[in-house]
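Undergrad: Here is a sequence together with a model predicted from it:
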Amino acid sequence: MNDLLSTVDWSRGQFALTAMVHWLFVPLTIGLSLIVAIMESIYLKTKSERWKRLTKFWMLLFGINFACGVATGIILEFEFGTNWSNYSWFVGDIFGAPLAIEGIAAFFLESTFIAVMFFGWNRVSPRFHLLATWLTSVGVCLSAYWILVANAWMQYPAGMEFDPAQMRNVMVSFSDVALSPVAVNKFFHTVLSGWVLGAVFVVGVSCWFICKKSNLGFAKDSIKIASWVGLAGIVLTMWTGDGSAVEVAKVQPMKLAAMEGLYDGSTGQSLVGFGILDPSKQRTDGKDPMLMEVSIPKGLSILATHNPDAFIPGINDLIEGRETGPDGQMAQTLSYAERIEAGKRAQEALRRYDAASSAGDKEAMEAAERDLKADFGYFGYGYLSSPDEAVPPVALTFYAFRVMVMAGGYLLLFFIVMLFLSYRKPRHLESRWLVFFGILTIPVVWIASEAGWIVAEMGRQPWVIQDLLPTRAAVSAIPSGSVQLTFWMFVIVFAGLMTAEVSIMCREISKASRRDILAGEEA
Amino acid sequence: MAASRHDNHGSRPPGGFLRRVADLYAGGFREMTVGRTLWAVILIKLAIMFLVFKLFFFPDWLARDYDTDDERARAVRTALTDRQGDGDTDNESTLNDNNLNLLPDE
């Protein structure tokens, strides 16, 4: 018994490790590909050798990141089959289809045009080369889209029916899966945050050049382009973040409550701008969950529903069956205790289906299938022993959300300042404090990006598929020792990869700092 | 990544489309500088992933242990219906504070 629980934890830890390491590379690929495409567009328009040199330098760093990051996501697919075999089977083609499209279409599109990007400077026309660079950027985004469609389906299962004979969810509407509001919003929020990360990277590396008093013109031009991309990215990321909050309020209200540390909701609910949770807080003790807080009146109601007087349920409200109604007022729905009962009925129906199937009793199979369908929406609740088990880790979700939001606010200010100085007071870009902040902002944006995923993934616990399958039911019955072994192997491999990426990048940046990128011999 | 020695944009080698594509790749690989190191990283990584991890540590249990989809479906059905909560709340996960009892009765 303890071994399976340990298997769940190690499998989760391994998946988190793999996904988070994969996510170190992906947003930089997304952001840098766009910045490189913009720089090359300027080169083609101006025919200036200067912009070609700029493009080629950042393209080199894009290539290093792409090479180190490519295929790190494949490990996640290995883990599905081994550690999460029940889940893999249960999701069926819903998960398989987007991943297959990603693998076949986007990856090959990306790979083909990346070859033209790097090999084609003197072999294809400038226009075709630029097209290849833009298509690489589009291909990177398309890859991200299909992965995010799969992830969004886990948060908001739509467009499928459960077939007990196959024991799988079967896709009945591709458009409902591919264009679900959660998927579309997640795509834009994620890709735009990649723009921000790429922009911060370019600004940070440029600041390092300034710090070394090397290639000042190159660095300032790079800062200008990257800051525009970053500013557009952060404003749009905030906008889509608002869209994400609205979707979460609709389809994962428990996640929203955890993000806010909100136990008892109200109409005109305030938003915690900054706060410290009381670690001794228990769900039903009636204590204030915050040791201290700075709140924005009606902020959460506005954020989640765009209605300042809307009712926003807290954790206790949701457990007792109170949600936000269509008119923004409190509406009564099934309590979690009732959902647990419904889930147990659904599972019992599945058991009866299995027995009837073994006995070849078609009538009993049909009756069991009808009963299963009636309660299938709550299937996963049948695994819970009490409603408390449906509450995600509040502290981690709450603080990760605040880290992401506060970093977002800082980044908005960062890009405004960079742009202001670039155009109005370019000499100030050489000041030590600014260079210092530019370099230090590199880890900040990565922390913010990873924090966003922590909110998304920890905030939806205990579900691996919202309401249908809890994480623990999804795991394979394998010994935890084997998962631990591969966990540590991954740690070693990923550490090696990160070391390779950082050392190759640092070496190339350092080499570039010893020559004139814009006028000297090319690397 | 592939630093070119002659950046005469747009000049095309003679031959058909396939020849030009082959020339693009062959020339690109030949002239690589940093790219050589990066390809080494990629190949080592892929070798570790597919020849070590996938081959020895990450079998697809359902594909390996069952011959047909019906058998796989039944195995998952059994696994999922056996892992039902029974009210035991003594088992705590170390990664979050959810408390499920999902274990087979073995």
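TA: Structure's in. What do you need?
Undergrad: so where's chain B uncertain?
TA: B:1-15, B:83-106 (pLDDT under 70).
Undergrad: Find the nearest non-adjacent residue to whichever residue of it sits closest to chain A, please.
TA: At 2.6 Å from chain A, residue B:28 is the closest residue in chain B, using Cβ to the nearest Cβ. (Each C-beta comes from the backbone N, C-alpha and C, glycine too.) In this structure, residue B:28 finds its nearest non-sequential neighbour in residue A:119, 2.6 Å apart by Cβ to Cβ, 6 or more residues apart in numbering or on different chains.
Undergrad: Next one: the one you found from residue B:20, what distance?
TA: Separation of residue A:119 from residue B:20 (Cβ to Cβ, to the nearest Å) stands at 11 Å.
Undergrad: quick revisit: which residues are in contact with the residue nearest to residue B:28?
TA: Contact analysis of residue A:119 by Cβ atoms under 8 Å, 6 or more residues apart in numbering or on different chains lists B:2, B:24, B:25, B:27, B:28, B:29, B:31.
Undergrad: Neighbour count says what about those residues? Which are buried?
TA: Listed as buried from these are B:2, B:24, B:27, B:28, B:31; burial here means 16 or more other Cβ atoms under 10 Å in any protein chain shown.
Undergrad: if you look at the residues you listed, which of them are in helices?
TA: B:24, B:27, B:28 (DSSP state H).
Undergrad: Make a markdown table from those and add distance to residue A:225 to it.
TA: Putting these into a markdown table (distance: Cβ to Cβ, whole Å) gives the following:
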| residue | distance to residue A:225 |
| --- | --- |
| B:24 | 28 |
| B:27 | 30 |
| B:28 | 26 |
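Undergrad: What residue, apart from its backbone neighbours, is nearest whichever residue of the stretch 151-300 of chain A sits closest to chain B spatially?
TA: Nearest residue of the stretch 151-300 of chain A to chain B, counting by Cβ to the nearest Cβ: residue A:167, 3.9 Å away. By the measure of Cβ to Cβ, 6+ apart, the closest residue to residue A:167 outside its immediate chain neighbours is residue B:73, 3.9 Å from it.
Undergrad: ok, the one you found touching residue A:90?
TA: No: checked against Cβ atoms under 8 Å, the pair residue B:73 and residue A:90 is beyond contact range at 10.0 Å.
Undergrad: Which one of those two is surrounded by more residues?
TA: residue A:90 (26 against 21; other Cβ atoms under 10 Å in any protein chain shown).
Undergrad: burial count for the closest residue to residue A:251 other than its chain neighbours?
TA: Of all residues not flanking residue A:251 in the chain, residue A:156 sits nearest, at 4.6 Å (Cβ to Cβ, 6+ apart). Residues near residue A:156, counting by other Cβ under 10 Å, number 22.
Undergrad: now do residue A:381
TA: Other residues close to residue A:381 by other Cβ under 10 Å number 29.
Undergrad: next one: residue A:355
TA: Neighbours of residue A:355 (other Cβ under 10 Å): 13.
Undergrad: Model confidence score at it, please.
TA: On pLDDT, residue A:355 comes in at 92.
Undergrad: for residue A:143, same thing?
TA: So residue A:143 comes in at 88 (pLDDT).
Undergrad: Where does it fall, secondary structure wise?
TA: helix A:126-155 (DSSP states H and E).
Undergrad: So is the following helix or strand past that helix next to chain B?
TA: Following helix A:126-155 in sequence order, the next helix or strand is strand A:160-163 (DSSP H and E). No: if you take Cβ under 8 Å from any Cβ of the partner chain as the test, strand A:160-163 misses chain B, and the best it gets is 8.9 Å.
Undergrad: Likewise for stretch A:363-382?
TA: Yes: against chain B, stretch A:363-382 shows contacts by Cβ under 8 Å from any Cβ at residue A:382.
Undergrad: for stretch A:480-487, same thing?
TA: Yes: residues of stretch A:480-487 contacting chain B under Cβ under 8 Å from any Cβ: A:482, A:485, A:486.
Undergrad: That stretch: how far from the chain's middle?
TA: Here stretch A:480-487 is found 25 Å from its chain centre; the criterion is Cα atoms, centre = their mean, to the nearest Å.
Undergrad: then that stretch to PDB, C-alphas only?
TA: C-alpha atoms of stretch A:480-487 as PDB (Å, rounded to 0.1, in the frame of the first residue of the first chain):
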ATOM      1  CA  SER A 480       8.500   2.900  -6.500                       C
ATOM      2  CA  GLY A 481      12.200   1.800  -6.500                       C
ATOM      3  CA  SER A 482      12.200   1.700 -10.300                       C
ATOM      4  CA  VAL A 483      10.700   5.200 -10.500                       C
ATOM      5  CA  GLN A 484      13.200   6.500  -8.000                       C
ATOM      6  CA  LEU A 485      16.100   5.000 -10.000                       C
ATOM      7  CA  THR A 486      14.900   6.700 -13.300                       C
ATOM      8  CA  PHE A 487      14.200   9.900 -11.400                       C
END
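Undergrad: leaving aside the residues next to it on the chain, what's closest to residue A:127?
TA: residue A:44 (7.1 Å).
Undergrad: And for residue A:249?
TA: In space, residue A:249 is closest to residue A:304, 3.6 Å off (Cβ to Cβ, 6+ apart).
Undergrad: And the strands in the stretch 401-523 of chain A?
TA: Assigned by DSSP state E, counting those that start in this stretch, the strands in the stretch 401-523 of chain A fall at A:463-465, A:469-470.
Undergrad: out of those, which comes closest to chain B?
TA: strand A:469-470 (5.9 Å).
Undergrad: Which other helices and strands does that closest one contact?
TA: Secondary-structure packing of strand A:469-470 (3 or more Cβ pairs under 8 Å, 6 or more residues apart in numbering or on different chains; DSSP states H and E): helix A:85-101, strand A:463-465.
Undergrad: about what we covered before: element containing the residue nearest to residue A:249?
TA: Counting by DSSP H and E, residue A:304 is part of helix A:299-305.
Undergrad: Give me the residues contacting that helix.
TA: Outside helix A:299-305, the residues touching it (Cβ under 8 Å, 6+ apart) are A:242, A:245-246, A:248-249, A:256, A:260, A:262, A:267-271, A:273, A:307-312, A:324, A:328.
Undergrad: repeat that for 7 Å
TA: Contacts to helix A:299-305, defined as Cβ atoms under 7 Å, 6 or more residues apart in numbering or on different chains, come from residues A:242, A:245-246, A:249, A:256, A:260, A:268-271, A:307-310, A:312, A:324, A:328.
Undergrad: Over to stretch A:269-280?
TA: A:260-261, A:287-301, A:303, A:312, A:395, A:398, A:402.
Undergrad: can we see that at 8 Å?
TA: A:260-262, A:287-303, A:310-312, A:394-395, A:398-399, A:402, A:406.
Undergrad: Buried by neighbour count, from those residues: which ones?
TA: Buried among the contacts of stretch A:269-280 by 16+ other Cβ under 10 Å: A:260-262, A:289-290, A:293, A:298-303, A:310-312, A:394-395, A:398-399, A:402.
Undergrad: Just give the nearest non-adjacent residue to residue A:144, would you?
TA: residue A:191 (5.8 Å).
Undergrad: The one you found contacts residue A:143, doesn't it?
TA: No: counting by Cβ under 8 Å, residue A:191 stays clear of residue A:143, with 10.4 Å between them.
Undergrad: Can you give me the buried ones in stretch A:382-395?
TA: A:382-385, A:387-395.
Undergrad: same deal with stretch B:26-45?
TA: B:27, B:28, B:31, B:32, B:34, B:35, B:37, B:38, B:41, B:42, B:45.
Undergrad: Thanks a lot, catch you later.
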